[in-house]
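# okay, predicted coordinates and the sequence, questions at the end:
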Amino acid sequence: MDFKGLKQGKWFVQIPKLRGEPGYEEEGEYKNDRKEGTWRRYNLMGDLLAMENYKWGNKHGKSVYFTI
């Protein structure tokens, strides 16, 4: 985080299982507290589930999803 409290740089986010929904992990980059570029989503076993592209914190462009 920067001195203003905004997320910056590369991040690894872990979301635990909750109310029957499977957990997942994401990795990507933040710029000014918004997702930017390609983010990868993995299940808790480490299998790649999705590659999503972001611009200014919103999905932008082509996203690819995988089935296991």
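Structure received. Numbers count the residues shown, from 1 in each chain.
# can we go C-alpha only for contacts and neighbour counts from here?
Noted.
# for this protein, which residue is closest to the average position?
Computing the C-alpha centroid of the chain and ranking residues by Cα atoms, centre = their mean puts residue 26 first, at 3.8 Å.
# return the residues in contact with that residue.
12-14, 39-42 (Cα atoms under 8 Å, 6 or more residues apart in numbering).
# quick one: it from residue 32, how far?
18 Å (Cα to Cα, to the nearest Å).
# what helix or strand is the residue nearest to the centre of the chain located in?
Here residue 26, judged by DSSP states H and E, is contained in strand 24-31.
# show the average pLDDT along the helix or strand following that strand.
For strand 24-31, the following helix or strand on the C-terminal side (DSSP H and E) is strand 34-43. Averaged across strand 34-43, the pLDDT comes to 94.
# surely residue 52 touches residue 63?
Yes: with contact defined as Cα atoms under 8 Å, residue 52 counts as touching residue 63 (4.4 Å).
# report the rounded mean pLDDT for the strand holding residue 26.
On average, strand 24-31 scores 95.
# what is the orientation angle of it with strand 34-43?
Put simply, strand 24-31 runs at 160 degrees to strand 34-43, going by axes from the mean of the first three to the mean of the last three Cα atoms, to 10 degrees.
# can you tell me how far residue 56 is from residue 26?
In terms of Cα to Cα, residue 56 sits 17 Å off from residue 26.
# what's the neighbour count on the closest residue to residue 47 other than its chain neighbours?
Nearest residue to residue 47 in three dimensions, chain neighbours excluded: residue 68, at 7.9 Å (Cα to Cα, 6 or more residues apart in numbering). Neighbourhood size, residue 68 [other Cα atoms under 10 Å]: 6.
# and what of residue 49?
For residue 49, using other Cα under 10 Å, the count is 18.
# and the host helix or strand of it, what does it pack against?
In this assignment (DSSP H and E), residue 49 forms part of strand 48-55. For strand 48-55, the packing partners by 3 or more Cα pairs under 8 Å, 6 or more residues apart in numbering; DSSP states H and E come out as strand 34-43, strand 64-65.
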